[in-house]
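A.B. asks: got a sequence here, can you build the structure:
(chains A and B)
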2 protein chains.
Amino acid sequence: MIYKNIIAIAIGGALGTIGRGLLNMHSLWIGLPIATVIENIVGSFLLGLFTGWLIHKRTKDWVKTGIGVGFCGGFTTMSTLAADTLLLYMDSSLLHSFVYLFVSLFAGITLGFIGLILGSKWGESEVKRKVVNH
Amino acid sequence: MIYKNIIAIAIGGALGTIGRGLLNMHSLWIGLPIATVIENIVGSFLLGLFTGWLIHKRTKDWVKTGIGVGFCGGFTTMSTLAADTLLLYMDSSLLHSFVYLFVSLFAGITLGFIGLILGSKWGESEVKRKVVNH
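C.D. replies: From the prediction side, this is the model:
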């Protein structure tokens, strides 16, 4: 059971991290590390969506950890967020580093919340459809 | 060249995410998601240390991305940080969620900075040792 979880985490983590790496390689530089901002807020939205869906739907433990801890965790990063905040302060200005940190966190938490609500509605409508069809 | 980077990112990401998953599974619950706090601040410290070391030392591109984007990025997470902040607010209190967010960010950025200084000193002393020995 635990080995299934670890394999799912490894595969999810590798896929999420590859997605982040590719986005980093193909993003334009606009003065802020825009790729990391996108990865962190999209990943937070996806985790919220999945967590909201799980309120109503049951799924296997390895699917939960593979998508949540693995993919969403691998796609987002806190170490680069901390490093970018520091580097922006040193290379640019305190304002730039503050804007970067604030946008990442505010948008991440807000989109995580919107994801949670949408995911919960999605899971609920799936359960209702199942009840009607049976 | 790019394929080497992607493979390194995948392996680093998988290993970092497994480390995070195992820490999550084996951590005690003390009212705050302590495992995620530890992962985020340790990962930020490691990325700072590696970045500081890279100021003085040259290494292959796939080693850089494998350790930085892959391992440190996979070991840390912003999606769980956003989700935990939200869940702590909903299940516990605004104070708890604020403390969690503040500790993660403040300790992450501070330890990232300490890592950067230590890594730079470490890289510098390695370069000096090399110069003396040759």
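A.B. asks: now the most centrally placed residue in chain A: closest residue in space that isn't a chain neighbour?
C.D. replies: With distances taken as Cα atoms, centre = their mean, A:Gly43 lies nearest the centre of chain A, 1.6 Å away. Distances taken as Cβ to Cβ, 6 or more residues apart in numbering or on different chains place A:Thr76 nearest to A:Gly43, at 3.6 Å, with adjacent residues excluded. Using the backbone N, CA and C atoms, a C-beta is placed for each residue, glycine as well.
A.B. asks: quick one: the helices in chain A?
C.D. replies: For chain A, the helices defined by DSSP state H occupy A:2-25, A:34-56, A:61-65, A:73-75, A:79-91, A:94-133.
A.B. asks: which of those helices sits closest to B:Val131?
C.D. replies: With Cβ to Cβ as the measure, helix A:79-91 is the member of the helices of chain A nearest B:Val131 (26.9 Å).
A.B. asks: that closest one and chain B in contact?
C.D. replies: Yes: using Cβ under 8 Å from any Cβ of the partner chain, helix A:79-91 reaches chain B at A:79-83, A:85-86.
A.B. asks: buried residues, that helix. List them.
C.D. replies: Neighbour counts over helix A:79-91 (16 or more other Cβ atoms under 10 Å in any protein chain shown) mark A:79-89 as buried.
A.B. asks: do the same with stretch A:108-125
C.D. replies: A:108-113, A:115-116, A:119-120, A:122-123.
A.B. asks: now tabulate these in JSON lines and tack on distance to B:Asp61.
C.D. replies: Output for these, formatted as JSON lines (distance: Cβ to Cβ, whole Å):
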{"residue": "A:Gly108", "distance to B:Asp61": "29"}
{"residue": "A:Ile109", "distance to B:Asp61": "34"}
{"residue": "A:Thr110", "distance to B:Asp61": "36"}
{"residue": "A:Leu111", "distance to B:Asp61": "32"}
{"residue": "A:Gly112", "distance to B:Asp61": "33"}
{"residue": "A:Phe113", "distance to B:Asp61": "38"}
{"residue": "A:Gly115", "distance to B:Asp61": "34"}
{"residue": "A:Leu116", "distance to B:Asp61": "38"}
{"residue": "A:Gly119", "distance to B:Asp61": "38"}
{"residue": "A:Ser120", "distance to B:Asp61": "43"}
{"residue": "A:Trp122", "distance to B:Asp61": "41"}
{"residue": "A:Gly123", "distance to B:Asp61": "43"}
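A.B. asks: wait, which of the residues you listed is closest to B:Arg129?
C.D. replies: Nearest member of the buried residues of stretch A:108-125 to B:Arg129, counting by Cβ to Cβ, is A:Gly108, at 42.8 Å.
A.B. asks: next, the contact list for the closest one, please.
C.D. replies: Each residue near A:Gly108 by Cβ atoms under 8 Å, 6 or more residues apart in numbering or on different chains is listed here: A:40-41, A:44, A:76, B:78-79, B:81-82.
A.B. asks: go with 7 Å
C.D. replies: By Cβ atoms under 7 Å, 6 or more residues apart in numbering or on different chains, the contact list for A:Gly108 reads A:40-41, A:44, B:78, B:82.
A.B. asks: please apply the same query to A:Ile9.
C.D. replies: A:Ile9 touches A:65-66, A:69-70, B:17-18, B:21, counting by Cβ under 7 Å, 6+ apart.
A.B. asks: closest one to A:Lys130 out of the buried residues of helix A:79-91, please.
C.D. replies: Proximity of these to A:Lys130, judged by Cβ to Cβ, is greatest for A:Leu81, which lies at 39.6 Å.
A.B. asks: what's around A:Gly19, how many residues?
C.D. replies: 18 (other Cβ atoms under 10 Å in any protein chain shown).
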